[in-house]
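J.: One predicted model, sequence on top.
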Amino acid sequence: MHPRLAALAALRLTDPDAKMAATRELAARVVSDSSVPLATPVRAPGDDLGVPGRPERPLRVSATAVERRSPFTTEGRAALVHAICHIEFNAVNLALDATWRYDGLPEAYYRDWLRVADEEAQHFTMLRDHLRTLGHDYGDFPGHDGLWSMCEKTKDDAIARMALVPRTLEARGLDATPLIQAKLRRANAPDALAAVAILDVILRDEVGHVAIGNRWYRWLCEREGIDPVAHYRVLYRLHDAPRLRAPFNLEARALAGFTDEELRDLEPADSPPRR
Ligand SMILES: [Fe+2]
Ligand SMILES: [Fe+2]
């Protein structure tokens, strides 16, 4: 089977364990083997039926319906870990989708996204295992659908996908992770500190995912003769991307390849200085 159709098959799987196993197996077989071609076209009419595969639980709710969780109770920490676990489940789907969906890109693009899918599967598994130590499992709490709804909106435009999923939503994860870690450190329970350590691994990998988004966003803009900074502002408004909120993790964002101009653009000139 064409590896990108194997990515589609994994994307359609509804059982989380089966999806993670299929993703990891595919990535192990293909990512570092340059003799396996990925760039030959695979798309066919009606092939997005059953995309994305996801289990019946967690119940999907709007982002505003997800309650705030206290890090000071085990139940609150379980809900918090579940929320991140759900993001990682969606992140596996979005990386598989980015691998499968867009014909006509270079070999390296597909390999990059399959590597991301593999890392997202590891993140999901680490968090799910941790959640089980708290007496819960994936599906026990509701989850919101923000990440996948942006995939839907950008399904016909690879430039918009790169701009708004890795470079916007995953980049927001770079900003949010240190704040979540600080909250967990304040709780100071062994399971909270174990979650902080898992988030260290995730943060490191996520810098790489945002960098891959930057790499291919710029490559596509160059191919189309588009100015990446000006076009980002257009896409951001067109697809009603969620507002970027300070404090920003400028160090991680710079490591992920945002330019000084893009980092300055994050903060409107009339916003109060940050402390
Ligand atoms: Fe992740
Ligand atoms: Fe990611």
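T.: Yep, that arrived. These numbers were taken from a predicted model, which means no experiment stands behind them. Ligands and ions are numbered 1, 2, ... in the order given.

J.: can I assume residue 246 sits in a helix?
T.: No. Counting by DSSP: H, G, I helix; E, B strand; the rest coil, residue 246 is not found in a helix; it is coil.

J.: wait, it sits on residue 267?
T.: Yes. Counting by Cβ atoms under 8 Å, residue 267 is a contact partner of residue 246 at 6.5 Å. Bear in mind the C-beta positions are built from the backbone N, C-alpha and C, glycine included.

J.: Just want to know which of the two has more residues nearby.
T.: residue 267 (16 against 12; other Cβ atoms under 10 Å).

J.: so how far is residue 171 from that one?
T.: 14 Å (Cβ to Cβ, to the nearest Å).

J.: How about residue 198?
T.: Counting by Cβ to Cβ - residue 198 and residue 171 are separated by 20 Å.

J.: And residue 22, by the same measure?
T.: 27 Å.

J.: before we move on, what about residue 66?
T.: On the measure of Cβ to Cβ, residue 66 and residue 171 end up 20 Å apart.

J.: With neighbour numbers in mind, choose between those two.
T.: residue 171 (26 against 16).

J.: The host helix or strand of that one close to ligand 2?
T.: Secondary structure from DSSP states H and E places residue 171 in helix 171-187. No. If you take Cβ under 5 Å from the ion as the test, helix 171-187 misses ligand 2, and the best it gets is 6.9 Å.

J.: does any part of the helix or strand following that helix sit near ligand 2?
T.: The first helix or strand that comes after helix 171-187 along the chain, using DSSP H and E, is helix 190-224. Yes. Judged by Cβ under 5 Å from the ion, helix 190-224 comes into contact with ligand 2 through 206, 209.
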